[in-house]
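>>> Kindly return the folded structure for what I paste below:
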Amino acid sequence: MQRVERSVFGELNGKPIHLFRLSNANGMVAELLEFGGRIKALCIPDGQGGSTNQFFEDASSITVETVDGVRTLVFR
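Coordinates of the predicted model:
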């Protein structure tokens with residue numbers, strides 16, 4: 001079974017930024033932000049009943065930075 005969920009992740013200039021969560025029956029989960037098509041999380045089954053997040057395990061702060069005119073969400 002494959003599943004896609006959409007939720008509001010945050011807001012930028014009064015407009016919502018959506019998070020898309022894709023999952024399958026094997027336990028793989030990908031979380032993507034529509035702002036720049038960024039990967040927020042990529043969880044892969046570890047073979048022992050758990051999973052490992054391959055990206056941003058502890059993003060305590062999210063900011064918007066502009067570099068060379070390109071606005072980017074930055075996870076820290």
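>>> When you work out contacts or count neighbours from here on, use the C-alpha atoms and nothing else.
Will do.
>>> what helix or strand is F35 on?
Using DSSP states H and E, F35 is not contained in any helix or strand.
>>> Verify the stated contact: it with F20.
No. Checked against CA atoms under 8 Å, the pair F35 and F20 is beyond contact range at 10.8 Å.
>>> If you count surrounding residues, which of the two has more?
F20 (20 against 15; other CA atoms under 10 Å).
>>> first to last residue in stretch 22-34, what's the distance?
Taking CA to CA, to the nearest Å, stretch 22-34 runs 13 Å from one end to the other.
>>> and it, average pLDDT?
For stretch 22-34, mean pLDDT rounds to 87.
>>> what residues does that stretch touch?
Stretch 22-34 has contacts (CA atoms under 8 Å, 6 or more residues apart in numbering) with 1-5, 9, 17-21, 38-45, 51.
>>> May I see the PyMOL selection of the buried members of the residues you listed?
Under the burial definition 16 or more other CA atoms under 10 Å, those of the contacts of stretch 22-34 that qualify are selected in PyMOL by:
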select buried, resi 17+18+19+20+21+39+40+41+42+43+44
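>>> What about the contacts of stretch 22-34, which are in helices?
Secondary structure defined by DSSP state H assigns none of the contacts of stretch 22-34 to helices.
>>> for the protein, what spans make up the strands?
Under the criterion DSSP state E, the chain contains strands at 2-12, 15-24, 29-33, 38-45, 51-53, 62-67, 70-75.
>>> weakest of those in terms of mean pLDDT?
Among the strands of the chain, strand 70-75 scores lowest, with a mean of 60.
>>> Show me what E31 is bridged to.
Counting by DSSP bridges, E31 forms beta bridges with R21, A41.
>>> Can you tell me how far it is from S7?
Taking CA to CA, one finds E31 at 11 Å from S7.
>>> So for the two, which residue has more residues nearby?
E31 (20 against 12).
>>> if I look at the more buried one, how far off is G14?
Computed as CA to CA, the E31 to G14 distance reads 22 Å.
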